[in-house]
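1. Following is a predicted model, sequence given first.
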Amino acid sequence: MTQILDGKAMSSQILARLKNEVNEHLQKGSRAPGLATILLGKDPASAVYVRNKRKRADDVGIKSFEYDLPIQTTQIELLTLIEDLNNRDDIDAILVQLPLPTHIDTSTVICTVNPSKDVDGFHPENIGKLSLGHPRFIPCTPKGCMYLIQASKAKLLGAHAVILGRSNIVGKPMAYMMLNTDATVTICHRNTQNLRQQTKQADILITATGVPHLIGADDVKEGVVVIDVGINKLEDGTLVGDVDFDDVKDKAAAITPVPGGVGPMTISMLLENTVAAYCNHLASRNKHEAYPSL
Ligand code: GUN
């Protein structure tokens, strides 16, 4: 029987756990965790993502600080806001929704966020730590994929993980995570020759290409664990993944549906990172208070 990896259910469980954790801190008299979200412009998809992040944050007791800025906001104005948020004690986490308008240099923005508040895990320091096998904040989508892979009970040591897509947000951090768990990793991208030859070798296949139904039953081997990061809108409005779910399902040991697989995990991972940032900040403040002369 194929295991359907239900990201919606898993995400709800994680959110309930985070809510309890936050409550325990509040009952001890600590302030609430603070998450600042910055959205430039009115791109409808980004607006929906950010709205959901804020709503879920609120549900688990995280205080949301919301910055909806006009698309004309200058880079200097944005960097000044981020620096202000970096210096605030009531804000543990900062998220700048991507993509940013083209007049702003995304890399400069990412580098300006204090790495201890970078709950997206995009800052070079956090990516570097992950690549060295000492992660602090792991980017939310690959972290959510890892939870789903662990739920499949697949053996990772020595497994062959094939990743489709080499983005900084998904493909590269996913590859580091897989390496850190002793899998053998292949990363494929748009210039990879003979893709099927690669995907057929996968014990674990993670796809983040944005190409609807790129992967069918003939592209995978029996017993594969399939993690589909793709969320692609067809002309008739239906959402489908990079994987043809109905075609591949019976061949796979475990597979994520779209929607309801990786998508819902991303927000719970953001909030898990936010609660971790909050706990780190509380702990470092307590340490300073306990040893004021150090
Ligand atoms: N845009 C698409 N995915 C993400 C994400 O994980 N974080 C941010 N900040 N922007 C995104």
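-> Now that the structure is in, tell me what you want to look at.

2. Tell me which residue in this structure sits closest to the ligand.
-> Across the chain, no residue is closer to the ligand than residue 98, which sits at 3.7 Å (C-beta to the nearest ligand atom). Placement of C-beta: from N, CA and C, glycine included.

3. Residue numbers of the stretch 151-294 of the chain in contact with the ligand?
-> Within the stretch 151-294 of the chain, the positions lying close to the ligand (C-beta under 6 Å from any ligand atom) are residue 169.

4. if we go to 8 Å?
-> Applying C-beta under 8 Å from any ligand atom, we find that the stretch 151-294 of the chain lies next to the ligand at 169, 266, 270.

5. By neighbour count, which of these wins?
-> residue 270 (26 neighbours; other C-beta atoms under 10 Å).

6. sorry, back to before: not counting its neighbours along the chain, what's nearest the residue of the chain closest to the ligand?
-> Nearest residue to residue 98, sequence neighbours excluded (C-beta to C-beta, 6 or more residues apart in numbering): residue 106, at 6.5 Å.

7. Can you give me the neighbour number for the one you found?
-> Counted with other C-beta under 10 Å, the neighbours of residue 106 add up to 15.

8. Next one: it relative to residue 210, how far apart?
-> 18 Å (C-beta to C-beta, to the nearest Å).

9. Check residue 271 too.
-> Residue 271 sits 25 Å away from residue 210, taking C-beta to C-beta as the criterion.

10. higher neighbour count, these two?
-> Neighbours around residue 271 and residue 210, counted as other C-beta under 10 Å, are more numerous at residue 271. The numbers are 27 against 14.

11. which SSE is residue 90 in?
-> Counting by DSSP states H and E, no helix or strand carries residue 90.

12. gap between residue 86 and residue 94?
-> 7 Å.

13. Check residue 276 too.
-> 14 Å.

14. Please apply the same query to residue 50.
-> With C-beta to C-beta as the criterion, residue 50 and residue 94 are 13 Å apart.

15. what's near enough to touch residue 214?
-> 164, 207, 230, 242, 243 (C-beta atoms under 8 Å, 6 or more residues apart in numbering).

16. burial measure for the fourth one, as a count.
-> By that I understand residue 242. In terms of burial, residue 242 registers 24 neighbours under the definition other C-beta under 10 Å.

17. Pull the contacting residues for it.
-> 164, 207-215, 228-230, 232 are the contacts of residue 242 under C-beta under 8 Å, 6+ apart.

18. same question, residue 112
-> 79, 82, 83, 86.

19. Next up, phi/psi of the last one, please.
-> This means residue 86. The phi/psi pair for residue 86 (degrees, to the nearest 10) reads phi -60, psi -40.

20. elements contacting the lengthiest helix in the chain?
-> Ranked by residue count and defined by DSSP state H, the top helix of the chain is helix 262-290. Taking 3 or more C-beta pairs under 8 Å, 6 or more residues apart in numbering; DSSP states H and E as contact, the helices and strands that helix 262-290 lies on are helix 7-27, strand 34-40, helix 44-59, strand 93-96, helix 140-151.

21. cutoff 10 Å now
-> In terms of contacts (3 or more C-beta pairs under 10 Å, 6 or more residues apart in numbering; DSSP states H and E), helix 262-290 is packed against helix 7-27, strand 34-40, helix 44-59, strand 93-96, helix 140-151, strand 225-228.

22. Adding mean neighbour count, mean pLDDT and distance to residue 238, write the ones you listed out as a markdown table.
-> A markdown table is the format used below for the helices and strands packed on helix 262-290 (neighbours: other C-beta atoms under 10 Å; pLDDT from 0 to 100; distance: least, C-beta to C-beta, whole Å):
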| stretch | mean neighbour count | mean pLDDT | distance to residue 238 |
| --- | --- | --- | --- |
| helix 7-27 | 16 | 98 | 18 |
| strand 34-40 | 23 | 98 | 27 |
| helix 44-59 | 15 | 97 | 16 |
| strand 93-96 | 26 | 98 | 29 |
| helix 140-151 | 23 | 98 | 21 |
| strand 225-228 | 28 | 98 | 15 |
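
23. how about those in JSON lines, adding distance to residue 282?
-> Below are the helices and strands packed on helix 262-290 laid out as JSON lines (distance: least, C-beta to C-beta, whole Å):
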{"stretch": "helix 7-27", "distance to residue 282": "7"}
{"stretch": "strand 34-40", "distance to residue 282": "12"}
{"stretch": "helix 44-59", "distance to residue 282": "17"}
{"stretch": "strand 93-96", "distance to residue 282": "13"}
{"stretch": "helix 140-151", "distance to residue 282": "22"}
{"stretch": "strand 225-228", "distance to residue 282": "33"}
